[in-house]
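Undergrad: give me a 3D structure for the following:
(2 chains)
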Number of protein chains: 2
Amino acid sequence: MTISQTPTWIGVDWGSSNLRAWAMSESGEVLDRGGSTQGMLSLTPADYEAALLAVIGDWLPEAGALDVLVCGMAGARQGWIEAPYRQVPARLDRLADGAVAPAVEHTRLRVRLLPGLCQHEDDSRHAFDVMRGEETQLAGLVAEAPAFTGTVCLPGTHAKWARLAEGELTGFTTYLTGELYRLLAERSVLAHSLSPSSGGDELADPACASTFIAAVQDSATAPERFSARLFGVRARDLLDDALPAGEGRGARLAARLSGLVIGLELAGARADLERDATVTLIGNEALCARYAMALEALGIANRRLDPERAVLAGLGLARTRLANS
Amino acid sequence: MTISQTPTWIGVDWGSSNLRAWAMSESGEVLDRGGSTQGMLSLTPADYEAALLAVIGDWLPEAGALDVLVCGMAGARQGWIEAPYRQVPARLDRLADGAVAPAVEHTRLRVRLLPGLCQHEDDSRHAFDVMRGEETQLAGLVAEAPAFTGTVCLPGTHAKWARLAEGELTGFTTYLTGELYRLLAERSVLAHSLSPSSGGDELADPACASTFIAAVQDSATAPERFSARLFGVRARDLLDDALPAGEGRGARLAARLSGLVIGLELAGARADLERDATVTLIGNEALCARYAMALEALGIANRRLDPERAVLAGLGLARTRLANS
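TA: Below you'll find the model as predicted:
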């Protein structure tokens, strides 16, 4: 596909299981979008250039070279080439300083991989932790509000909670929430009780929504009962006469499981929150709506930032810094 | 195989994935042991008699019929025939009152399936819960100490904590501990960091033992950080220079994961414990040793009861009651 206007740069978010790319105008307008399922887990270093060209080949100019700014797992040790982690505390407008340039054969490509961030254990609240990709979304927030101070939550397979002070990332915590939900829903004894179709839209049903909220509160109130409550999802299916029959039953239990797992995350995250904090959510719309419902159940204010806008602003900030260096 | 003395009854513990059988003398002596991997999950109702005979056929008398007392999943709704759950509170010396007799073709067999126990949600501490098999081990404890009062822990895939008062089961809680460990160790992002061989004997290494204990304390102190600490196992592998290289590294991380999961269970269970309680552990030796280490790290006294002795005493108690009814 050709596009009417020639892009001035290309942004890429290259994850473990897919890649997404955007053709960008100088003013930050998205001219086109592309993507594929050639994520880091399915590629060896020699495959990356071809996988990239398969998505962005049509956007390249007839002459000259185009900046391609890449964040995410392509820069991991098992990725294209390693862009070593930078340590927190880290200024998010300086991610470009850790960028690396993989060798490419195509003369129209000038690729840079942005680094992830790591955190070492210390005497204070910090535990060992890593992120790759989310730091660029956080940089996008800082691109729009350079002195941003507050807490950001990026829900997902490995949900991240980040603390920013004056545009600097001071610390972060990763929760295994999404992966835990999927393992329990699909591979544990609970799989017998959950609807195969659930795990996405069941909260549109008001009964599921209140089940979800009660479960969030259960986990937040007594997180030490988490693994007992997991088995309890199965026991409810066997014993609870108040549950509906059929498909609605599995959806109700899926809502409970989701609430337990997200509630456990929020129990941990709110221990780090300041009083009256507003949490900024960055992530896909349905998942952020679910988190917003959970946060509100715990009385925590929140707002949302579009994840595409965030990653593109972050990549754009890095590109500007590289151009000026 | 033939045995010198004719058994007077046969005990069977028939679980989801295997069955174990014992040829018993009148005085409660074990004359022989048998078993197979024909558990409930691999059988339809029509298969049970043949599966049983494959293990105990050689023990049957030339004349007359032999009592076969069965506990466990064979009495589940998806089992041989259903022995419906009895509700707590339940006197453990009365399990036989809920026994059911499946039809059998073999004239030497007189089979009884013992019921499991269930608990409904109520205003007090009780949540929906079920057990099948463990109630018979608890009955064995009561066979030996009819007025037993105290807390019993049965570690395993679905670990049970039971509260007994004067020989009556007043309530219980199931934790998904063993299943959670296995899912995380084998199927999550942590699988990359753990030794395939670990998850059993790594605590023989003193460094692993102290890693395990620190993890138990971490979960017990701040259970709300559980899912963050799970991801932290992966982050430690990437960042912690203090970890050994090679096989020892994966063992150390497996010890940490095990401590986190068991510690979360203990955090929940100790909330129900009375001050200065002694926990009775019933289960396999290696796992009970691990739990004893974890309990001691939290200052909780414990003692152990051999699981085979417990199940046989429980089955024997039920047999006596059936004979006298």
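
Undergrad: can you pull out the helices in chain A?
TA: Counting by DSSP state H, the segments of chain A that form helices are A:48-56, A:134-144, A:177-187, A:206-221, A:226-239, A:247-270, A:285-297, A:307-324.

Undergrad: OK, contacts around residue A:21?
TA: Neighbour list for residue A:21: A:10, A:11, A:12, A:13, A:33, A:34, A:35, A:52, A:55, A:56 [criterion: C-beta atoms under 8 Å, 6 or more residues apart in numbering or on different chains]. All C-beta atoms are positioned from the backbone trio N, CA, C, and that covers glycine.

Undergrad: for chain B, give me its nearest residue in the stretch 1-150 of chain A.
TA: Relative to chain B, the nearest point of the stretch 1-150 of chain A is residue A:128 (4.0 Å; C-beta to the nearest C-beta).

Undergrad: next one: phi and psi at that residue?
TA: In terms of degrees, to the nearest 10, the main-chain angles of residue A:128 are phi -60, psi 130.

Undergrad: looking at it, it is touching residue A:87, isn't it?
TA: No. The pair residue A:128 / residue A:87 is not scored as a contact, 11.6 Å apart, by C-beta atoms under 8 Å.

Undergrad: overlap in contacts of those two?
TA: A:118, A:119, A:120.

Undergrad: give the bridge partners for the first one, please.
TA: What that stands for is residue A:118. Beta bridges link residue A:118 to residue A:87, residue A:130, judged by DSSP bridges.

Undergrad: can you count the residues close to it?
TA: 20 (other C-beta atoms under 10 Å in any protein chain shown).

Undergrad: which ones are touching it?
TA: A:85, A:86, A:87, A:88, A:128, A:129, A:130, A:131, B:235, B:238, B:239.

Undergrad: cutoff 10 Å now
TA: A:84-88, A:90, A:128-132, A:172, B:235, B:238-239 (C-beta atoms under 10 Å, 6 or more residues apart in numbering or on different chains).

Undergrad: what subset of those is buried?
TA: Using 16 or more other C-beta atoms under 10 Å in any protein chain shown as the burial test, these include A:85, A:86, A:88, A:90, A:128, A:129, A:130, A:131, A:132, A:172, B:235, B:239 as buried.

Undergrad: how close does the second one get to residue B:122?
TA: When distances are taken as C-beta to C-beta, to the nearest Å, residue A:86 and residue B:122 turn out to be 53 Å apart.

Undergrad: what's the answer for the last one, then?
TA: Distance of residue B:239 to residue B:122, given as C-beta to C-beta: 47 Å.

Undergrad: next one: the third one
TA: Noted for residue A:88: a distance of 47 Å to residue B:122, by C-beta to C-beta.

Undergrad: now do the fourth one
TA: Between residue A:90 and residue B:122 the computed distance is 51 Å (C-beta to C-beta).

Undergrad: please parse chain A into its domains.
TA: Domain segmentation of chain A under automatic domain parsing yields A:9-145+A:311-324, A:177-305.

Undergrad: dump those to JSON lines, plus mean pLDDT and distance to residue B:189.
TA: Supplementary listing: the domains of chain A in JSON lines, determined by pLDDT from 0 to 100; distance: least, C-beta to C-beta, whole Å:
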{"stretch": "domain A:9-145+A:311-324", "mean pLDDT": "96", "distance to residue B:189": "9"}
{"stretch": "domain A:177-305", "mean pLDDT": "94", "distance to residue B:189": "6"}
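
Undergrad: of all those domains, which one is nearest residue B:68?
TA: Between residue B:68 and the domains of chain A, the tightest spacing by C-beta to C-beta is seen for domain A:177-305, at 26.3 Å.

Undergrad: can you give me the end-to-end span of that closest one?
TA: One end of domain A:177-305 to the other measures 20 Å (C-alpha to C-alpha, to the nearest Å).

Undergrad: swap in stretch A:276-288?
TA: End-to-end for stretch A:276-288, by C-alpha to C-alpha: 20 Å.

Undergrad: so for that stretch, what gets flagged as buried?
TA: A:279, A:280, A:281, A:282, A:283, A:287, A:288.

Undergrad: fine by me, thanks again.
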